[in-house]
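1. need the 3D shape of this:
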Amino acid sequence: QVQLVESGGGLVQAGGSLRLSCDVSFSTFTILAMGWYRQAPGKERELVAAISSGGSTEYADSVKGRFTISRDYAKSTLHLQMNSLKPEDTAMYFCAAGRAPYLLLHEKDYDYWGQGTQVTVSS
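-> Here you go, the predicted structure:
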């Protein structure tokens, strides 16, 4: 069983930065594909960024150049560095894991989900 626990959300002004973390309790973190999703009120959950077991990454167009996904293999932790935040980035952010070594770009491909951490960006 894989457990995911997100942290690092909060309230920040537009233009500010936040760093989200996701602690992964799984003995073989290295074989998991990981991703960050977000869901704003009244909207569908959307992929923000994904990373393969080997470190390949993919980003939503709306966050390219502002967000960076990374993984710490020693600590079994996933991060999302968010810079130049905008009010439209306000959402609940979820960490997800899938039992595959390659990039996973579709929600249905992920097997495990965290409870989420709220990010609110004020204008």
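
2. what's across from the residue nearest to residue 8 when sequence neighbours are not counted in the sheet?
-> Counting by Cβ to Cβ, 6 or more residues apart in numbering, the nearest residue to residue 8 once its immediate chain neighbours are dropped is residue 20, at 4.2 Å. Backbone N, C-alpha and C define where each C-beta goes, glycine included. Under the criterion DSSP bridges, residue 20 forms beta bridges with residue 80.

3. I'd say residue 20 and residue 38 touch.
-> No: using Cβ atoms under 8 Å, residue 20 is not in contact with residue 38, being 10.0 Å away.

4. okay, and the common contacts of those two?
-> Counting by Cβ atoms under 8 Å, 6 or more residues apart in numbering, the residues touching both residue 20 and residue 38 are 93, 119.

5. if we can go back for a sec, run a quick neighbour tally on the residue nearest to residue 8.
-> Per other Cβ atoms under 10 Å, the neighbour tally for residue 20 reads 24.

6. let me see the contact set for residue 35.
-> 47, 48, 49, 50, 51, 69, 95, 96, 97, 98, 104, 110.

7. so where's the chain uncertain?
-> In the prediction, the chain carries no residues with pLDDT under 70.

8. how about the spatially most central residue of the chain: what's its closest non-neighbour residue?
-> In the chain, the C-alpha nearest the mean C-alpha coordinate belongs to residue 36, at 2.2 Å (Cα atoms, centre = their mean). Nearest residue to residue 36 in three dimensions, chain neighbours excluded: residue 48, at 4.4 Å (Cβ to Cβ, 6+ apart).

9. brilliant, that's me finished.
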